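> Could you look at this predicted model? Sequence included:
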Amino acid sequence: MSKNIKIAAGGVAAGLLLLIWLPWWAALLIVLGVPAAAYLALDPAQRRRLRRVSRKELGR
């Protein structure tokens, strides 16, 4: 399996566990909030580099 597939499978497993233990709205806040907080923690140069790489991959 590729690295991205392993990360996605782990995310799905974590999401299912959160849905079992927490109300759906709390799990949704965690699932959406963690990546948003990680993005906001980047400095501006890292954000520019991330956007540039994302655009290049979309253009493939």
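Thanks, I have the structure now.
> what helices or strands is whichever strand or helix holds Ile20 leaning on?
Using DSSP states H and E, Ile20 sits in helix 3-21. On a contact count with 3 or more Cβ pairs under 8 Å, 6 or more residues apart in numbering; DSSP states H and E, helix 3-21 meets helix 24-41. Where C-beta positions appear, they are placed from N, C-alpha and C, glycine not excepted.
> Give me the next element, helix or strand, following the helix it packs on.
Next along from helix 24-41, by DSSP H and E: helix 44-58.
> Flag every buried residue along stretch 23-33.
Within stretch 23-33, the residues scored as buried using 16 or more other Cβ atoms under 10 Å are Ala27.
> got the CA coordinates for stretch 43-60 in PDB?
C-alpha atoms of stretch 43-60 as PDB (Å, rounded to 0.1, in the frame of the first residue of the first chain):
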ATOM      1  CA  ASP A  43       4.100  30.100   8.400                       C
ATOM      2  CA  PRO A  44       3.300  32.100   5.300                       C
ATOM      3  CA  ALA A  45       6.200  30.600   3.200                       C
ATOM      4  CA  GLN A  46       5.100  27.100   4.000                       C
ATOM      5  CA  ARG A  47       1.500  27.900   3.100                       C
ATOM      6  CA  ARG A  48       2.700  29.300  -0.300                       C
ATOM      7  CA  ARG A  49       4.700  26.200  -1.000                       C
ATOM      8  CA  LEU A  50       1.800  23.900   0.000                       C
ATOM      9  CA  ARG A  51      -0.600  25.800  -2.400                       C
ATOM     10  CA  ARG A  52       2.000  25.700  -5.200                       C
ATOM     11  CA  VAL A  53       2.500  21.900  -4.800                       C
ATOM     12  CA  SER A  54      -1.300  21.300  -4.700                       C
ATOM     13  CA  ARG A  55      -1.800  23.300  -7.900                       C
ATOM     14  CA  LYS A  56       1.000  21.400  -9.700                       C
ATOM     15  CA  GLU A  57      -0.600  18.100  -8.800                       C
ATOM     16  CA  LEU A  58      -4.000  19.200  -9.900                       C
ATOM     17  CA  GLY A  59      -2.600  20.200 -13.300                       C
ATOM     18  CA  ARG A  60      -1.300  16.700 -14.000                       C
END
